[in-house]
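A.B. asks: Return a 3D structure for these sequence lines:
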Amino acid sequence: MRVFSFCFLTLACFSAWAQSTYQAQSWHSQNPEKFYQSPPSENKVLAALTAINDCREANKDRQGYCELVINSGEKLTPAATLKRSTDKKHPLFLWRYKSVTATVYVAGSIHVLKEGFYPLPKQYVQAYNESDVLVLEVNMEAIKPEALQATMMNYGALKSGTLRTSMPADLYEHLEQVAPVYGIQLEQLQPFKPAVVGQQLQLMAMYSIGYEPEFGLESYFMGLDVDKPVLELESVEDQLDLLFNTDRATQNALLQETLMQLPRLPDDTDAIIRTWIQGDDKGLEALIRDSIGSSALARNFMKKLLDDRNEKMASKISGYLETNKSYFVIVGAAHLAGKNSVVSILKDRGQIGERFSSEDVAIN
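C.D. replies: Here you go, the predicted structure:
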């Protein structure tokens with residue numbers, strides 16, 4: 001599932017009234033002894049972006065990358081450290097399915113990453129190069145910005161009432177305490193549903209620890225070859241309907257879980273990234289399932305978010321195998337882990353994929 005932003009990631013989204021107590025530091029991979037520190041900032045996101053942008057401006061003609069390493073006193077794990085979490089042979093989140101006439105590569109993505117995680121294992125790029133068609137969950141670039149904004153407004157706006165009146169008073173009070181930390185102005189979001197605020201909060205929180213959608217696998221592969229045809233497994237309307245048209249009680253339950261999990265976001269993100277790098281299906285499934293919390297409403301939403309969509313994704317992939325082309329399909333890694341995953345569903349249907357390993361010299 002892609003993360004949608006109603007603020008479109010501009011500084012205008014950031015709160016102008018939050019207390020100026022936040023500072024962040026970044027460094028360049030070729031000179032980690034030199035730090036670029038933001039001035040005291042109004043929120044964690046502004047501090048993070050200032051520190052990163054200062055580093056990038058100072059090193060724009062230099063090889064390597066800039067990375068956020070500290071935000072408001074909290075140390076963040078460098079991408080290089082996470083990449084070194086396994087030195088042994090391990091599976092990748094990459095499978096190949098073949099029929100008499102077609103080949104489908106299925107890759108598990110992290111939608112929001114750091115530049116330091118590149119280059120990817122060579123097998124991913126090899127699989128992409130061997131494919132005729134790129135397939136994403138949703139092809140956001142096929143939609144004109146004004147049309148996308150109108151569609152998002154249609155799904156995300158409240159039909160009546162306000163954000164404040166759409167949730168219990170104690171939940172709104174909790175949100176009021178946390179939102180300014182991540183630069184979110186609740187007064188500007190009063191016309192929108194709780195799910196919109198939850199999505200925005202998650203995205204801004206990821207920015208605050210140095211993760212950016214610009215470095216997700218989808219963005220990376222979309223930038224490699226503008227001439228390769230792009231298909232999508234779902235429509236943007238499908239995803240927006242799931243995110244923003246669920247019942248109000250479920251939206252509030254999910255927002256409550258998000259607020260409760262934010263203090264441990266850096267550690268939780270590190271754990272998810274490690275399982276992805278190591279190809280640890282069971283570990284990733286457990287982390288994803290646990291992240292939704294204990295609420296019955298939230299767990300029912302997780303079923304819709306993963307299990308139900310996995311069935312549809314598997315059917316699309318089966319359809320590609322009936323053609324005479326080759327495809328490189330990118331889906332969130334969570335869709336490829338566990339007993340109800342796309343991989344398991346395809347196996348139950350008699351379609352066994354070949355999984356690639358970190359030690360495979362080539363995919364052929």
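
A.B. asks: okay, stretch 263-278 in CSV with CA atoms only?
C.D. replies: Coordinates of each C-alpha in stretch 263-278 appear next as CSV, following Å, rounded to 0.1, in the frame of the first residue of the first chain:
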residue,chain,number,x,y,z
PRO,A,263,7.6,6.4,20.4
ARG,A,264,9.1,3.1,19.2
LEU,A,265,9.1,3.9,15.5
PRO,A,266,12.9,3.9,15.0
ASP,A,267,13.3,0.5,16.6
ASP,A,268,10.3,-1.0,14.9
THR,A,269,11.4,0.3,11.5
ASP,A,270,14.9,-1.2,12.1
ALA,A,271,13.4,-4.5,12.9
ILE,A,272,11.2,-4.5,9.7
ILE,A,273,14.1,-3.5,7.5
ARG,A,274,16.4,-6.2,8.9
THR,A,275,13.8,-8.9,8.2
TRP,A,276,13.4,-7.6,4.6
ILE,A,277,17.2,-7.5,4.0
GLN,A,278,17.5,-11.0,5.5
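
A.B. asks: Tell me the gap between it and the middle of its chain.
C.D. replies: Centre-to-centre, stretch 263-278 and its host chain are 12 Å apart (CA atoms, centre = their mean, to the nearest Å).

A.B. asks: what's the average pLDDT for that stretch?
C.D. replies: Computed over stretch 263-278, the mean pLDDT rounds to 95.

A.B. asks: Quick check: buried residues in that stretch?
C.D. replies: Buried residues in stretch 263-278, defined by neighbour count with 16 or more other CB atoms under 10 Å: 265, 266, 269, 270, 271, 272, 273, 274, 275, 276, 277, 278. Bear in mind the C-beta positions are built from the backbone N, C-alpha and C, glycine included.

A.B. asks: Residues in contact with that stretch: which ones?
C.D. replies: Stretch 263-278 is contacted from outside by 74, 76-77, 82-83, 85-86, 90, 93, 108, 110, 117, 205-206, 209, 211, 261, 280, 283-284, 287-288, 291, 333, using CB atoms under 8 Å, 6 or more residues apart in numbering.

A.B. asks: just checking, which of those belong to helices?
C.D. replies: Members of the contacts of stretch 263-278 lying in helices (criterion: DSSP state H): 82, 83, 205, 206, 261, 283, 284, 287, 288, 291.

A.B. asks: Report the separation between the last one and residue 222.
C.D. replies: Just to be clear, that refers to residue 291. Going from residue 291 to residue 222 by CB to CB, to the nearest Å gives 27 Å.
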